[in-house]
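Student: quick check, what structure comes out for this input:
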Amino acid sequence: MASTTAQLRASAFLPSIGRNPERLVSLDVYRGLTVAGMILVTDPGTYSAVYPPLLHASWNGWTPTDMIFPSFLFISGIAMTLSFASRTARGESRIRIASHLFRRALLLILIGLILNGFPLFNLHTLRIPGILQRIALCYLGGGLLCLACTPKGASRSDEQVASHTSSRVIMILWVIFAILAGYWLLLKFFPVPGFGPGRLDSLGNLSAYIDRAVFKTSHLWAYGLTPGYGVTYDPEGLLSTLPALTNLLAGILVGEWLRTKSVKGRRILSIVFIGVVLFIAGRLLDPLMPINKRIYTPTFALLSIGFGMVAFSLCYWIVDICRWRWWTPPALVFGSNAILAFGLSTIITSLFDQIRVGSGRLPIHGWVYAHLCLPWLSPVNASLTYAIAIVLLNLAIITPLYRKGIFLRI
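Tutor: Reported below is the predicted structural model:
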């Protein structure tokens, strides 16, 4: 079992890890930073005392926390491009790659449902949408589009390669535009039954209406509340997954650019410039369509794509160009076992909220915060300390696997 497991790789979102000097280490580092960020912001000591940047925007607007999940999708798109290119060069057929896409997507959805239900597994209130479910749908959609734009057989000349790459880039750009423009029109003008067009609140927007109709409120996010109406929406709903797909597609385009023979510095400057333009565009269009992660408005998609481009470029410049890597080991541990780290953190959080200890029968979460953090620190710093401790706990569990070369593959 150990020898088999040691060969497993987290290649659902990245090419296999090796000692290739040309490998973009920044891919693993940036992915690891996003995973660590996910754990940090979902595990405060108490949500009543949290630094504002570590909270999601309550509805309209954005915070650094809102950029974490889109960044994960963006980096997955980059890794997908490099992985597909490597597999195609080895002679793998599109049918074989597509079958892997479907298998991985189904496994991610299954894992997401299991994590949503853990530890009680009440099927009457099981949340059906979720983070892994959205990743699965975006991964499948982006992967199939990328394959559809890839010609059969290997190209035999640089001219053919350049032509095929250019066609793929143009097609993906058109798809991104169509998704964002179409979603904008739907949110603005589709007459939602019982509410009418243009409602962008948590009750009357089209995305929330579809999720309530498809899943019923008992299977949506328990905290997707509208005052006076109870649960009304899910931030990882069906329709809003379409604009989320554009983050992954943008990553595919950046991956194509990274594969070109241009000078590394020029690549980075180009990506940063486009990222800044998109970020500013999202901000400027905010009066026409509010920036909102909960329903993933087109302005939020533009802003988060721009953020991802700039943040990844900075990581790429530090790690792969300047090769300042002394600080990267913790990020590499998380990045090389991203799905395992996410799943493990979800399990730990659920158990710490369920298992009660001490004379007051507090959950482990509350006991540690109240007895080990709060007596020495202000509430907001105690809450942050607890979150950092959970990140370090996850890191401590996963590090031995990384050192032994054990990476989860789905």
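
Student: so for the host helix or strand of Cys315, what's the average pLDDT?
Tutor: Applying DSSP states H and E as the criterion places Cys315 in helix 298-316. Mean pLDDT, helix 298-316: 97.

Student: surely Arg168 is within a strand?
Tutor: No - using DSSP: H, G, I helix; E, B strand; the rest coil, the secondary structure at Arg168 is helix, not a strand.

Student: ignoring the adjacent residues along the chain, who's closest to Leu115?
Tutor: Once flanking residues are discounted, Leu115 sits nearest to Thr346: 4.7 Å by Cβ to Cβ, 6 or more residues apart in numbering. Where C-beta positions appear, they are placed from N, C-alpha and C, glycine not excepted.

Student: in the stretch 201-350 of the chain, which spans are helices?
Tutor: 206-215, 241-258, 264-284, 298-316, 329-336, 338-354 (DSSP state H, counting those that start in this stretch).

Student: same thing with the stretch 1-150 of the chain?
Tutor: Taking DSSP H, counting those that start in this stretch, the helices of the stretch 1-150 of the chain run over residues 2-5, 25-42, 68-89, 94-117, 131-148.

Student: centre of the chain to the third one, how far?
Tutor: In this case it means helix 68-89. Distance of helix 68-89 from the chain centroid (Cα atoms, centre = their mean, to the nearest Å) equals 12 Å.

Student: now Asn116: closest residue in space that isn't a chain neighbour?
Tutor: Among residues not flanking Asn116 along the chain, Arg127 sits closest, at 4.4 Å (Cβ to Cβ, 6+ apart).

Student: for Thr399, same thing?
Tutor: Once flanking residues are discounted, Thr399 sits nearest to Val333: 5.3 Å by Cβ to Cβ, 6+ apart.

Student: which pLDDT value goes with that neighbour?
Tutor: The per-residue pLDDT of Val333 was computed as 95.

Student: so it touches Gly32, yeah?
Tutor: Yes - the criterion here is Cβ atoms under 8 Å, and Val333 meets it with Gly32 at 6.7 Å.

Student: per-domain residue ranges of the chain.
Tutor: For the chain, automatic domain parsing gives the domain ranges 1-55+325-410, 69-323.

Student: just list the residues touching the residue nearest to Asn116, thanks.
Tutor: Neighbour list for Arg127: Asn116, Gly117, His219, Leu220, Trp221, Ala222, Asp234 [criterion: Cβ atoms under 8 Å, 6 or more residues apart in numbering].

Student: quick check, nearest of these to Ser378?
Tutor: Ala222 (29.2 Å; Cβ to Cβ).

Student: nearest to Trp62, out of the domains of the chain?
Tutor: domain 69-323 (5.3 Å).

Student: endpoints of that closest one, how far apart?
Tutor: Criterion Cα to Cα, to the nearest Å; first-to-last residue distance in domain 69-323 is 26 Å.

Student: low pLDDT regions in the stretch 101-250 of the chain?
Tutor: 151-164 (pLDDT under 70).

Student: what residues sit buried inside the helix holding Cys315?
Tutor: Neighbour-count burial for helix 298-316, counted by 16 or more other Cβ atoms under 10 Å, picks out 298-313, 315-316.

Student: got it, and stretch 224-237?
Tutor: Buried residues in stretch 224-237 (16+ other Cβ under 10 Å): Gly224, Val231, Thr232, Tyr233, Asp234, Pro235, Glu236, Gly237.

Student: let's have the residues you listed in TSV, adding distance to Ser99.
Tutor: TSV is the format used below for the buried residues of stretch 224-237 (distance: Cβ to Cβ, whole Å):
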residue	distance to Ser99
Gly224	35
Val231	37
Thr232	38
Tyr233	34
Asp234	30
Pro235	31
Glu236	26
Gly237	28
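
Student: so which of these are in strands?
Tutor: Val231 (DSSP state E).

Student: ok, now how distant is Ser383 from Pro53?
Tutor: Distance, Ser383 to Pro53, by Cβ to Cβ, to the nearest Å: 13 Å.

Student: higher neighbour count, the two?
Tutor: The residue with more neighbours, out of Ser383 and Pro53, is Ser383; 24 against 10, by other Cβ atoms under 10 Å.

Student: could you check the angle the one helix or strand that one maps to makes with helix 25-42?
Tutor: In this structure, Ser383 sits in helix 379-403 according to DSSP H and E. Angle, helix 379-403 to helix 25-42, by axes from the mean of the first three to the mean of the last three Cα atoms, to 10 degrees: 140 degrees.

Student: for the record, mean pLDDT for helix 379-403?
Tutor: For helix 379-403, mean pLDDT rounds to 96.

Student: what packs against that helix?
Tutor: If you count contacts as 3 or more Cβ pairs under 8 Å, 6 or more residues apart in numbering; DSSP states H and E, helix 379-403 packs onto helix 25-42, helix 329-336, helix 338-354, helix 364-368.

Student: so what touches that helix?
Tutor: Applying Cβ under 8 Å, 6+ apart, the contact partners of helix 379-403 are 36, 39-41, 43-46, 48-51, 54, 330, 332-334, 336-337, 340-341, 344-345, 348-349, 365, 368-369, 373-374, 376-377, 407.

Student: of these, keep whichever come out buried.
Tutor: 36, 39-41, 43-46, 49-50, 54, 330, 332-334, 336-337, 340-341, 344-345, 348-349, 365, 368-369, 373-374, 407.

Student: from Trp367, how far off is the residue located most distally from the centre of the chain?
Tutor: Distance from the C-alpha centroid of the chain peaks at Ser359, with 39.9 Å (Cα atoms, centre = their mean). From Ser359 over to Trp367 the distance is 10 Å, taken as Cβ to Cβ.

Student: before we move on, what about Ile131?
Tutor: Distance of Ile131 to Trp367, given as Cβ to Cβ: 27 Å.

Student: same check, this time on Ile410
Tutor: Distance from Ile410 to Trp367, by Cβ to Cβ: 34 Å.

Student: compare these two (neighbour count), which wins?
Tutor: Between Ile410 and Trp367, counting by other Cβ under 10 Å, Ile410 is the more crowded of the two (21 against 17).

Student: what sits against that one?
Tutor: Contacts of Ile410 by Cβ under 8 Å, 6+ apart are Ala12, Arg104, Leu107, Leu108, Ile111, Ile339.

Student: reformat those residues as CSV; add distance to Leu395 and neighbour count.
Tutor: Output for the contacts of Ile410, formatted as CSV (distance: Cβ to Cβ, whole Å; neighbours: other Cβ atoms under 10 Å):
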residue, distance to Leu395, neighbour count
Ala12, 21, 24
Arg104, 25, 21
Leu107, 25, 16
Leu108, 23, 24
Ile111, 21, 19
Ile339, 16, 21
